[in-house]
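Peer 1: quick one, structure for this:
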Amino acid sequence: MDAGLSVYGHSADPFSLTGGIVLNIQWYPGHMTKAKRAMKEDIRLIDLIIELVDARAPLASRNPDIDELGKGKARLILLNKSDLAEERWNAAWSGWFQEKGFYVMEVNSRSGNGLKRIGSVVADACREKLERDRRRGILNRPVRAMVVGIPNVGKSTFINSFAGKACTKTGNKPGVTKGNQWIRLNKTLELLDTPGILWPKFEDQKVGLLLAMLGSINDEILNREELAAELLKLMKIRYPEAIKERYGMPSAEDFMKEENTDSAAMLEKVAEVRSCLMKGGEFDLAKAAGIVIDDFRSGRLGRITLEVPEEKEAEKTGKAAAK
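Peer 2: As a prediction, this is how the structure comes out:
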């Protein structure tokens with residue numbers, strides 16, 4: 001499959017092209033308030049913030065509170081799950097974050113790809129701190145780094161892979177890590193693992209929708225059929241060849257012209273192709289929705305990037321002009 005057939009660069013907002021967002025998503029469990037409070041207390045103890053984001057949606061998967069929390073601290077952004085996103089957009093996002101003063105790396109915590117370079121990047125990011133320690137005669141004091149990120153972005157998997165052993169619990173559901181935990185990796189680096197936290201309200205429902213697609217929102221509070229339908233809408237515009245190949249749908253050119261092929265019909269098509277049937281021969285749309293969501297999250301639809309720097313800058317300019 002050629003993931004390069006995505007149609008980025010369209011001047012219109014892809015979400016508005018798909019007919020608007022039908023889901024109103026908010027999820028902020030009580031433990032997140034406690035976790036945020038603990039992070040504020042611990043921030044004075046750390047030298048560096050290592051922030052994991054999902055490479056498929058790097059801005060949507062960033063908690064905006066982290067920038068305020070981390071003022072004055074060295075910053076390292078890890079584009080995690082970079083193997084699931086398009087290479088060209090990984091490179092574009094790396095450049096975008098670097099221009100804003102962050103150190104950036106593309107990593108795959110599950111495979112360990114990119115993790116060997118982290119030590120040297122951490123040393124570079126904390127060079128001033130290390131030199132200041134040396135001038136004061138303080139030797140061998142480890143860099144203390146706080147690992148942050150939204151739920152299910154892969155923090156625990158990253159720490160375990162980086163450490164080479166199981167230090168934290170992992171899972172494919174958001175909210176596995178509940179409290180802060182210090183982990184001494186070696187003489188030069190200590191990590192503070194923190195729970196994944198969101199923010200109390202998504203002002204932009206596009207963000208909530210993308211996070212739901214990525215698996216950072218508890219699936220149990222979602223209407224998975226509507227979520228799968230929204231994902232198919234987005235894929236129709238951005239990666240039509242991917243859904244054609246995976247589910248046997250029409251060619252990209254014909255698909256874009258079919259006015260009657262709405263998201264509900266697309267989900268029914270998936271149910272038909274995958275033989276998702278209930279008693280009486282009706283389509284089992286819940287099962288089909290699960291297939292679509294799992295195919296996206298696991299990478300079986302190919303390398304997919306859901307947002308790109310140019311679009312986010314255009315949105316920002318548009319919002320500023322509207323004020």
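
Peer 1: just the helices in the protein please.
Peer 2: Counting by DSSP state H, the chain has helices at residues 14-17, 30-42, 65-69, 87-99, 118-125, 127-135, 155-163, 205-214, 224-238, 240-247, 252-257, 263-273, 285-298, 309-322.

Peer 1: in a markdown table: the ones you listed, plus mean pLDDT, mean neighbour count and distance to residue 188.
Peer 2: To be clear about C-beta, it is placed using only N, CA and C from the backbone, and glycine gets the same treatment. Formatted as a markdown table, the helices of the chain follow (pLDDT from 0 to 100; neighbours: other C-beta atoms under 10 Å; distance: least, C-beta to C-beta, whole Å):
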| stretch | mean pLDDT | mean neighbour count | distance to residue 188 |
| --- | --- | --- | --- |
| helix 14-17 | 41 | 15 | 44 |
| helix 30-42 | 70 | 15 | 20 |
| helix 65-69 | 86 | 15 | 24 |
| helix 87-99 | 97 | 17 | 24 |
| helix 118-125 | 94 | 16 | 7 |
| helix 127-135 | 89 | 12 | 9 |
| helix 155-163 | 89 | 23 | 13 |
| helix 205-214 | 88 | 22 | 33 |
| helix 224-238 | 91 | 22 | 42 |
| helix 240-247 | 90 | 21 | 43 |
| helix 252-257 | 60 | 12 | 51 |
| helix 263-273 | 88 | 18 | 50 |
| helix 285-298 | 96 | 20 | 35 |
| helix 309-322 | 62 | 12 | 33 |
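
Peer 1: and those helices: which comes nearest residue 145?
Peer 2: helix 118-125 (6.6 Å; C-beta to C-beta).

Peer 1: helices or strands up against the closest one?
Peer 2: Packing partners of helix 118-125 (3 or more C-beta pairs under 8 Å, 6 or more residues apart in numbering; DSSP states H and E): strand 48-54, strand 74-80, strand 103-106, strand 143-148.

Peer 1: out of those, which is the most enclosed?
Peer 2: Ranked by mean neighbour count under mean count of other C-beta atoms under 10 Å, the helices and strands packed on helix 118-125 are led by strand 48-54, which reaches a mean of 26.

Peer 1: if we can go back for a sec, I'd like the helices of the chain as TSV, with distance to residue 196 appended.
Peer 2: Compiled in TSV, the helices of the chain are given as follows (distance: least, C-beta to C-beta, whole Å):
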stretch	distance to residue 196
helix 14-17	25
helix 30-42	8
helix 65-69	12
helix 87-99	20
helix 118-125	20
helix 127-135	26
helix 155-163	7
helix 205-214	11
helix 224-238	19
helix 240-247	28
helix 252-257	36
helix 263-273	29
helix 285-298	16
helix 309-322	22
